[in-house]
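Participant: let's see this in three dimensions:
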Amino acid sequence: MPLLRCDNLSVGYARHAVASGISFSVGSGDCVAVVGANGSGKTALLRTLANIMKPLGGTFSYDPSVRPGDVGYLPQQNPVQRDFPATAREVVLSGCQARRGLRPFFTKSEKSAADAALARFGAASFAGLSYKTLSGGQRQRVLLARALCAGRKMLILDEPVTGLDPDAAADLYSTLAALRGEGLAIVSVTHDLPAGVEDATHILELSGAVFFGTKEKWMDGRSGVCSVCGDCVSGSHHHHGAGCRHACAGKGAQA
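Facilitator: Numbers count the residues shown, from 1 in each chain. So this is what the prediction gives:
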């Protein structure tokens, strides 16, 4: 039984659809990498799945076993988040808010979960520091730990490697692969190709006609996505930026 199912979903802003005809499902242990050109609706889709925006058409539903506190969401960073007046540990602990309900305090197990999430994403060493004093990469680690605290069954991640150096990004992918091995489902937007799809079980591509299928099927029939920047190119089976209209064109050897 899928944890999440989408049927002919349309998403967008101010009644203007930016992506339509989206159908896919996510089960325990699945990792769905969402790829596509800039403006193709990837962020709008994730915001819809996180119940921040309403769908413009179609339906999506979570299995009845998925309760509040079972789905963690990592949005793209914004200036408001950077000035959050709390320590890194307090930010992560706030991920347990949906499960806390009307209780005035967090439980010992929730605090332990926050500490474990900080350690898992390499953020334990700065847990007591003010969030707004952290670097971009450190903030991203904290927000990933918060999403893990919020999501016991599924993570919805919008460009999770933003702000991370290559070594930290590789560590993140290893951590996500381990979490998936423990049964956590992951839906993640990525422009970090090919690294961002290496551990994916399925690909959801929103450029042009919507594609959903296994990573192997996507790679076999791949067309129109630059492996350097993730944006659209013309023709088929492009690699390393060849044919891309952006600055990455021809830079595959350095990418």
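Participant: who does the spatially most central residue of the chain form a beta bridge with?
Facilitator: The residue lying closest to the centre of the chain (C-alpha atoms, centre = their mean) is residue 157, at 1.6 Å. According to DSSP bridges, the partner residues bridging residue 157 are residue 74, residue 188.
Participant: so who does it touch?
Facilitator: Going by C-beta atoms under 8 Å, 6 or more residues apart in numbering, residue 157 touches 46, 73-74, 144, 147, 186-189. Where you see a C-beta, it was placed from the backbone N, CA and C, and this is true even at glycine.
Participant: now swap in residue 168 and tell me
Facilitator: With contacts defined as C-beta under 8 Å, 6+ apart, residue 168 is in contact with 122, 137, 141, 161.
Participant: so can I have TSV of those residues showing distance to residue 29 and neighbour count?
Facilitator: Formatted as TSV, the contacts of residue 168 follow (distance: C-beta to C-beta, whole Å; neighbours: other C-beta atoms under 10 Å):
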residue	distance to residue 29	neighbour count
122	23	18
137	28	16
141	23	28
161	21	22
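Participant: in helices, which of the residues you listed appear?
Facilitator: Residues of the contacts of residue 168 located in helices (DSSP state H): 137, 141.
Participant: look up the closest residue to residue 181, ignoring the ones flanking it.
Facilitator: In space, and not counting its chain neighbours, residue 181 is closest to residue 29: 7.2 Å by C-beta to C-beta, 6 or more residues apart in numbering.
Participant: check residue 86 too.
Facilitator: Nearest residue to residue 86 in three dimensions, chain neighbours excluded: residue 131, at 5.6 Å (C-beta to C-beta, 6+ apart).
Participant: residues in contact with the one you found?
Facilitator: Neighbour list for residue 131: 82, 84-88, 90-91, 139, 142 [criterion: C-beta under 8 Å, 6+ apart].
Participant: including secondary structure and pLDDT, could the residues you listed go into TSV?
Facilitator: Below are the contacts of residue 131 laid out as TSV (DSSP: H, G, I helix; E, B strand; the rest coil; pLDDT from 0 to 100):
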residue	secondary structure	pLDDT
82	helix	69
84	coil	76
85	coil	83
86	coil	92
87	strand	95
88	helix	96
90	helix	95
91	helix	94
139	helix	92
142	helix	95
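Participant: could you identify the buried members of those residues?
Facilitator: The neighbour-count test (16 or more other C-beta atoms under 10 Å) marks 84, 87-88, 90-91, 139, 142 as buried among these.
Participant: all helices of the protein, in order?
Facilitator: If DSSP H is used as the criterion, the helices of the chain fall at 42-49, 79-82, 88-93, 97-100, 108-120, 136-150, 166-181, 215-220.
Participant: what is the end-to-end distance of stretch 35-51?
Facilitator: Start and end residues of stretch 35-51 are separated by 20 Å (C-alpha to C-alpha, to the nearest Å).
Participant: average pLDDT across it?
Facilitator: Mean pLDDT, stretch 35-51: 94.
Participant: other residues contacting that stretch?
Facilitator: By C-beta under 8 Å, 6+ apart, stretch 35-51 touches 4, 6, 9, 11-13, 17-19, 22, 34, 53-55, 60, 71, 73, 75-76, 156-158, 187, 189-191, 193, 196-197, 203-207, 225, 230-232.
Participant: separation between the residue nearest to the centre of the chain and residue 40?
Facilitator: In this view, residue 157 and residue 40 are 17 Å apart by C-beta to C-beta, to the nearest Å.
Participant: kindly report the same for residue 33.
Facilitator: Separation of residue 33 from residue 40 (C-beta to C-beta): 14 Å.
Participant: more neighbours: which of the two?
Facilitator: A count of neighbours by other C-beta atoms under 10 Å puts residue 33 above the other of residue 33 and residue 40, at 24 against 20.
Participant: pretty sure the more buried one is touching residue 204, no?
Facilitator: Yes. Using C-beta atoms under 8 Å, residue 33 makes contact with residue 204 at a distance of 7.2 Å.
Participant: any idea what sits nearest residue 195, other than its immediate chain neighbours?
Facilitator: Using C-beta to C-beta, 6+ apart, the nearest residue to residue 195 is residue 173, at 6.6 Å.
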